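> I'd like to go over a predicted model; first the sequence, then the structure.
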Amino acid sequence: MEYTEVRIGIEPYTEDNADWVTAEIESLGYESFCYEEPFLLAYIPTGRFDHAALVKALSAFEGHLKIREEHSAVPEQNWNALWESSFEPIIVDGRCTVKATFHKGLPETEYNIVIDPKMAFGTGHHQTTYLMASLLMKEDVAGKKVLDMGCGTGILAILAAKMGAASPVDAIDIDDIAAESAMENASLNGVGDRLSVECGDASSLAGRSGYDLILANINRNILMADMPAYVKTMAPGGVLLVSGFYVEDVPMLAAVAEKCSLQYVSEQSRDDWAVVKFMKK
């Protein structure tokens, strides 16, 4: 498959600013992000590249950042080398290791998840994945009905299954490649029969109910728009864990949650990224 590389010049350049741009454009179907100061490199299957949509998304930074972009095709063989060099293992609280199939010699932890990424993770993704996994491991998941929205490669859904969540753990992602990857990774980790993965968005939740725990590691705008749909599917006292946004965005999300009959419980942060726990009243 041929990919398009988008080189986004950011001024002033910081990793936080690059993460900010990443969060804004990732919902357009970009599968990989790499940093080469002063550029953010974003990769998307050429057939899905929409230049007009990219320009519109980047216009959100007018008055905040100076942005310039250019794009070109990347041969498949270069793409494979790119994500292998970019994906780094994640060790969460000394209890959970997330690594790719090509990582060797890492210590065994309580939960070990091996994935075939199909896409690389930018710095922000690492932080939010870490935060979500950390908070998830503090929950009593055994026997609980769990949903992973925006499941990506399936890391959180797989972890929930390994923690004893009720079968199946439902996992949904808007990207068909991500959904396919999540199912493959579930099988790779011996929980393929305990996950139900589909391609879709919040509209896929219509008619569902009884979730004890919903995990949503998505961007801020999608979370705020879809929170009412999440709440409709939650059991009384159900828990919603959300990440994919900065600490400064927490009050905005908490205000939406309050209107949806969700009670703020706690939050954690890592390199300015946040994870928040809400509970259905």
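Arrived safely, thanks for sending.

> Write down the beta-bridge partners of Ile67, one by one.
Judged by DSSP bridges, the bridge partners of Ile67 are Ile10.

> Also Val275?
The residues listed as beta-bridge partners of Val275 by DSSP bridges are Ser243, Gln268.

> can you count the residues close to it?
Residues near Val275, counting by other Cβ atoms under 10 Å, number 27. Heads up, the C-betas are built off the backbone N, CA and C, glycines and all.

> cool, and Pro45?
16.

> Surely it and Glu31 touch.
Yes: applying Cβ atoms under 8 Å as the test, Pro45 and Glu31 come out as touching, 7.3 Å apart.

> Spit out the residues that contact the two alike.
When contacts are counted by Cβ atoms under 8 Å, 6 or more residues apart in numbering, the set common to Pro45 and Glu31 consists of Tyr3, Ile177.

> Which residue ranges of the stretch 151-281 of the chain form helices?
For the stretch 151-281 of the chain, the helices defined by DSSP state H, counting those that start in this stretch cover 155-162, 176-188, 220-233, 250-259.

> Make sure Ile8 is actually in contact with Glu37.
No: using Cβ under 8 Å, Ile8 is not in contact with Glu37; the gap is 11.9 Å.

> what does stretch 263-280 contact?
16, 19, 123-124, 127-128, 130-132, 134-135, 231, 234-243, 245-250, 253-254, 257-258, 261-262, 281.

> Got a quick ChimeraX command for the buried subset of those?
Buried members of the contacts of stretch 263-280, defined by 16 or more other Cβ atoms under 10 Å, are picked up in ChimeraX with:
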select :19,123,124,127,128,130,131,132,134,135,231,234,238,239,240,241,242,243,245,246,247,249,250,253,254,257,262
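
> And the helices of the stretch 151-281 of the chain, which one averages the lowest pLDDT?
Among these, helix 176-188 carries the lowest mean pLDDT, at a mean of 90.

> Can you list the low-confidence ranges for the stretch 51-200 of the chain?
76-86, 117-125 (pLDDT under 70).

> From Glu26, how far off is Met183?
The gap separating Met183 from Glu26 is 21 Å, by Cβ to Cβ, to the nearest Å.

> Next, please give the residue ranges for the strands of this protein.
When assigned using DSSP state E, the strands of the chain occupy the ranges 3-11, 32-36, 39-45, 66-74, 90-92, 96-100, 111-115, 146-149, 169-173, 195-199, 211-217, 234-246, 262-270, 273-280.

> Go ahead and measure how far the first one is from the middle of the chain.
Using Cα atoms, centre = their mean, to the nearest Å, the distance from the centre of strand 3-11 to the centre of the chain it belongs to is 20 Å.

> and the angle from it to strand 39-45?
Per axes from the mean of the first three to the mean of the last three Cα atoms, to 10 degrees, the angle that strand 3-11 makes with strand 39-45 is 160 degrees.

> which strands and helices sit next to strand 3-11?
Applying 3 or more Cβ pairs under 8 Å, 6 or more residues apart in numbering; DSSP states H and E, we find strand 3-11 packed against helix 15-25, strand 39-45, strand 66-74.

> what would those look like in JSON lines with distance to Asn189?
As requested, the helices and strands packed on strand 3-11 are exported to JSON lines (distance: least, Cβ to Cβ, whole Å):
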{"stretch": "helix 15-25", "distance to Asn189": "27"}
{"stretch": "strand 39-45", "distance to Asn189": "25"}
{"stretch": "strand 66-74", "distance to Asn189": "30"}
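
> who wins for proximity to Ala157 among those?
Among these, the nearest to Ala157 by Cβ to Cβ is helix 15-25 (21.3 Å).

> Need the residue closest to the centroid of the chain.
Per Cα atoms, centre = their mean, the C-alpha nearest to the average position across the chain is that of Asn217, at 4.4 Å.

> Okay, and the beta partners of that one?
Ser243.

> just checking, it touches Leu135?
No: under the criterion of Cβ under 8 Å, Asn217 is not in contact with Leu135, lying 10.6 Å apart.

> Run through the residues that contact Glu2.
Glu2 touches Pro45, Thr46, Ala73, Val74, Pro75, Glu76, counting by Cβ under 8 Å, 6+ apart.

> Just the buried ones from those residues, in PyMOL syntax?
Selection of the buried residues among these in PyMOL, burial being defined by 16+ other Cβ under 10 Å:
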select buried, resi 45+74
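
> What distance do you get for Ser167 to Val146?
In terms of Cβ to Cβ, Ser167 sits 10 Å off from Val146.

> on that earlier part again, Ile8 and Glu37: who's more crowded?
Shown here are Ile8 and Glu37; by other Cβ under 10 Å, Ile8 has more neighbours (23 against 10).
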